[in-house]
Each structure stands twice: as structure tokens, then as C-alpha cells.
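> just to be clear, the model below is a prediction. Sequence and coordinates:
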Amino acid sequence: MGRLTLRAAGRARPETVWRRYACVDRWASWSPQIRAVHTPDRRLAAGMRGTVESVVGLRVAFLVESVDQDHRTWTWRVRLGPTRLRLRHDVRGQGHGSTTSLTMHGPWPVLLAYAPFARAALRRLVRP
């Protein structure tokens with residue numbers, strides 16, 4: 001098992017970036033690997049369950065473990081077959097924009113394979 005942290009900085013305000021996380025209907029707009037999010041809830045909340053559908057049709061089950069709106073952090077677990085990842089996201093203000101980070105825990109081959117897609121999504125997330 002490994003741990004990998006990715007970061008991106010951009011000109012989007014932290015409130016904007018957090019809204020993009022908090023509204024699951026927006027995930028596909030900044031994460032090019034996501035086609036849709038299937039969950040009865042539309043707003044990010046602890047205990048939320050569902051699946052994320054990738055652009056190639058894979059469905060990854062998820063459970064949101066925690067959400068801290070005040071500190072703009074959230075953690076979730078995702079599962080595809082026997083593969084499980086734990087992902088922690090945060091958003092911070094920086095100058096006239098924001099930074100976001102993603103810390104992933106899971107098998108090294110999966111982390112390394114997913115990292116380029118995650119980096120692209122984080123960069124889009126912090127764009128104005």
C-alpha cells in the first residue's frame with residue numbers, strides 16, 4: 001500500500017472550487033474521466049453513497065466518509081472490484097486564487113496509473 005499527494009494551484013477562488021466539489025452534478029465538468037455521478041444525493045455529505053461512472057463506462061462505488069465545509073476538506077473511499085482507494089481532498093486560499101490537494105492511499109500500481117488523470121482534474125478544478 002502506498003500514499004501519493006498531488007497539488008494544483010489556480011486563479012479560481014476557494015469558494016468556487018469548493019462549490020465544484022460540493023455539487024456532485026458538477027464533477028464531470030472539471031474531471032474529464034467522469035461521465036456521471038449516480039447517487040440520490042446531489043450535495044456532498046458524510047455518509048453519501050453511490051457510483052462514479054467513467055467515460056469508458058466503468059462504475060466505481062464510493063462512500064463519503066467525512067466533509068468539513070468550514071475547512072473545505074472531504075474524504076471518501078472508492079472501490080472497483082477488489083481495488084480500494086481512500087482519497088482526501090482539500091481546498092485552500094492562496095493569493096488571488098486557490099490551491100487544492102488530493103492525498104490517495106491504495107496499491108502503488110493503481111495510484112501511479114490514476115495520478116495523470118487526477119492531476120488533469122485538479123488543474124481544471126482550480127481554473128477560473
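Good, I have the coordinates.

> skipping adjacent residues, who's closest to residue 50 in space?
residue 39 (2.8 Å; Cβ to Cβ, 6 or more residues apart in numbering). No exception for glycine: its C-beta is placed from N, CA and C like everyone else's.

> list the contacts for the one you found?
Contacts for residue 39 (Cβ atoms under 8 Å, 6 or more residues apart in numbering) come out as 24, 48-51.

> can you check residue 79 too?
60-62, 85.

> which one of those residues is nearest to residue 103?
residue 85 (10.6 Å; Cβ to Cβ).

> ok, that closest one touching residue 77?
Yes - with contact defined as Cβ atoms under 8 Å, residue 85 reaches residue 77; the gap is 7.1 Å.

> just to revisit the earlier point, what's the PyMOL line that selects buried ones from the contacts of residue 79?
Buried members of the contacts of residue 79, identified by 16 or more other Cβ atoms under 10 Å, are gathered into one PyMOL selection as follows:
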select buried, resi 60+62+85
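
> partner strands of the longest strand seen in the chain and their direction?
Counting by DSSP state E, the longest strand found in the chain is strand 83-94. Its sheet considered, strand 83-94 pairs with strand 73-80 (antiparallel), strand 97-106 (antiparallel) by DSSP bridges.

> any idea of the pLDDT on residue 123?
Here, the pLDDT recorded for residue 123 equals 98.

> and it, backbone torsions?
Main-chain torsions, residue 123, degrees, to the nearest 10: phi -60, psi -40.

> ok, it to residue 51 distance?
25 Å (Cβ to Cβ, to the nearest Å).

> residue 127 now?
26 Å.

> these two - which one has more neighbours?
residue 51 (17 against 14; other Cβ atoms under 10 Å).

> in which helix or strand does the more buried one reside?
Assigned by DSSP states H and E, residue 51 belongs to strand 49-54.

> for the contacts of residue 79, work out which two are farthest apart.
Across the contacts of residue 79 (Cβ to Cβ), the longest gap, 11.2 Å, separates 61 and 85.

> and for these two, which residues touch both?
With Cβ under 8 Å, 6+ apart as the test, residue 61 and residue 85 both reach 78-79.

> give the contact list for residue 59.
Contacts of residue 59 (Cβ under 8 Å, 6+ apart): 38, 51-53.
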